[in-house]
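Engineer: coordinates only, sequence not included:
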């Protein structure tokens, strides 16, 4: 008999005994009731009677335990793997059953991750002409910048020369040359609004202002006021918050479930009660050889910018369901070193320990590849005690093969 199953049954016995001040019966503690040793019930021969609280205590005749509970008869028709349990004992054990179903099995993946910047929204700021940075409005990394806010001005002789050339051509009235000069200014990083302002004022500006094209947070500030820069110099990065990325990991056995575009949900301990809807944005083509996990990136809209980089998050991915799968509640599956099995509820109070082959587990259900049919009922509560009873009864019957115990 499996030691763990016997320990589970014995723990229940001790717990019930502690609640009622009852100690398990010895072989002679029960009160014997006058009856033949091999009585019959509905035509089935009674092999022996066992204590309802301690299956190891048996009697060849009907008896009562110290609490006045009747010993449970073990019938000859239970000589196979099935055991019979009375409705009263089922209630005492809290036995519940559920039906075996067949149909689409949702494949849900629960994982965790951290909120990060959507790198598709990160702007790397360079100038298109060499010059000197002046009037730097940004002082440190982490500052929040609004869209359209002044970042710095740049004194660049090349830009000043291009502006003056544009003004000369504009004054000459040559449309083709004006368009070409305008394109040159745009290629040097002068915005349309600045070019229009230049045409209206007819005055070049020695210090060209640079404005934030999007709102966000300054990352990696690499420039200081008065610094000489070239087009190769990255001045700063601006991270946008319109959406965020969650980088999560999926275990190897679930790796082939996930596809780009699958729906995802996000919950955060920092924002209880809020659920964010998003989708899978990227699936890594290979697994990490050390962790044996696959990287998955999720994208979520961030209204109000309440999702902040660094927040811990619980994520759920709703992968495409497995079609036409036979499944049972996960709690019905009994996993042991000898294999997986379930307790099947038969008619007449009989329960049978059935070996099964389990497939994927998703959410609160597990796929059954073989061993069960749709429509059968399996035990979802009390199954470990019934399984222990079945194993214990089988052992007792083998020990008593020569006669009644």
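Structural biologist: Received it, and whenever you're ready, just let me know what you need. Everything numeric here is computed off the predicted structure, so don't read it as measured data.
Engineer: Quick check: residue 254 is in a strand.
Structural biologist: No - using DSSP: H, G, I helix; E, B strand; the rest coil, the assignment for residue 254 is helix, not a strand.
Engineer: who's in contact with it?
Structural biologist: 107, 109, 319, 360 (C-beta atoms under 8 Å, 6 or more residues apart in numbering). The C-beta positions use only the backbone N, C-alpha and C, and glycine is treated the same way.
Engineer: buried sites along the helix or strand encompassing the last one?
Structural biologist: Secondary structure here is read from DSSP states H and E; on that basis residue 360 sits in strand 350-362. Of the residues in strand 350-362, those with enough neighbours to count as buried (16 or more other C-beta atoms under 10 Å) are 350, 351, 352, 353, 354, 356, 358, 359, 360, 361, 362.
Engineer: for stretch 169-183, same thing?
Structural biologist: Buried residues in stretch 169-183, counted by 16+ other C-beta under 10 Å: 169, 170, 178, 181, 182.
Engineer: now what about it, what contacts it?
Structural biologist: By C-beta under 8 Å, 6+ apart, the residues outside stretch 169-183 that reach it are 162, 165, 166, 195, 199, 202.
Engineer: surely the last one meets residue 168?
Structural biologist: What that stands for is residue 202. No - assessed by C-beta atoms under 8 Å, residue 202 is found out of contact with residue 168, at 10.4 Å.
Engineer: starting at the chain centroid, how far to stretch 97-107?
Structural biologist: Here stretch 97-107 is found 20 Å from its chain centre; the criterion is C-alpha atoms, centre = their mean, to the nearest Å.
Engineer: meant to ask about stretch 156-163
Structural biologist: 56 Å.
Engineer: Contacts for it, please.
Structural biologist: Contacts with stretch 156-163, where a contact means C-beta under 8 Å, 6+ apart, come from 127, 129-132, 181, 184-185, 188-190, 198, 204-206, 208.
Engineer: Max pairwise distance over those residues: which two?
Structural biologist: Greatest spatial distance among the contacts of stretch 156-163 (C-beta to C-beta): 132 and 181, at 24.2 Å.
Engineer: Could you confirm residue 270 falls within a strand?
Structural biologist: No - per three-state DSSP, residue 270 lies outside any strand segment and is coil.
Engineer: What's the local residue count around the residue nearest to residue 291 when sequence neighbours are not counted?
Structural biologist: Nearest residue to residue 291, sequence neighbours excluded (C-beta to C-beta, 6 or more residues apart in numbering): residue 249, at 6.8 Å. When neighbours are counted by other C-beta atoms under 10 Å, residue 249 registers 17.
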